[in-house]
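Participant: okay, sequence plus prediction incoming.
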Amino acid sequence: MKTSCQKIVKLVMFLSALLLSSMSFAEKQDTANEVVSNVIASPSLNSSLWQMALGLSLVLGLIFLLTWLMKKVTGIQGTRGHIKIISAINIGAKERAVLVEVCGEQLLLGVASGSVSLLHKLEKPIIDPATDFATNLQKATSKLKVKTAQQSKSSAD
């Protein structure tokens, strides 16, 4: 990586030197050569190029990582009308088990490429804590209100 970056830097410097040296005035050619030699020897340019290359590689790496994660994630959509996907887990390369709630009934489905089959109909529904957050929050706020009311009564007495 280091040698390729150095080659790129040298190529850019060569092209800029070629552009600057193509000026017709002799004194401008000397000035351009001095500028190019000073720029090549400048440590700030070298560190700036390394920072730019590192930033670019981090962004590209992040893009590839997110793309890979999107391919691996099962793609749970959540609620769509009366059908709700509660959970899904990969079983094989193209097979997964999906827990679905339809009209209050929970079904365990086996999903493979080209087929969906019912594995089990749950008699007792599994409560999903992630979707039950609103009720848990309401319960917690009501308990907090009761505690503060009791504390204010005890401090008033």
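Facilitator: Done, it's in. Fair warning: this is a prediction, and the values are worked out from it, not measured in the lab.
Participant: now do Met70 against Ser113, distance only.
Facilitator: Distance of Met70 to Ser113, computed by C-beta to C-beta, to the nearest Å: 18 Å. All C-beta spots, glycine's among them, are computed from the backbone N, C-alpha and C.
Participant: next one: Ser152
Facilitator: In terms of C-beta to C-beta, Ser152 sits 62 Å off from Ser113.
Participant: same thing with Ile91?
Facilitator: Taking C-beta to C-beta, one finds Ile91 at 12 Å from Ser113.
Participant: which of those two has more neighbours?
Facilitator: Neighbours per residue (other C-beta atoms under 10 Å) separate Ile91 from Ser113, with Ile91 holding more: 11 against 8.
Participant: identify the residues contacting the closest residue in space to the more buried one that isn't next to it in sequence.
Facilitator: Leaving aside its sequence neighbours, Ile91 sits nearest to Ala97 (C-beta to C-beta, 6 or more residues apart in numbering; 5.7 Å). Listed by C-beta atoms under 8 Å, 6 or more residues apart in numbering, the contact partners of Ala97 are 88-89, 91, 108-111, 119.
Participant: run through the strands of the chain in chain order.
Facilitator: Applying DSSP state E to the chain gives strands spanning 79-80, 83-90, 96-102, 105-112, 115-122.
Participant: Lys147 - how many residues pack around it?
Facilitator: 10.
Participant: my error: substitute Ile63 in the last question.
Facilitator: 10.
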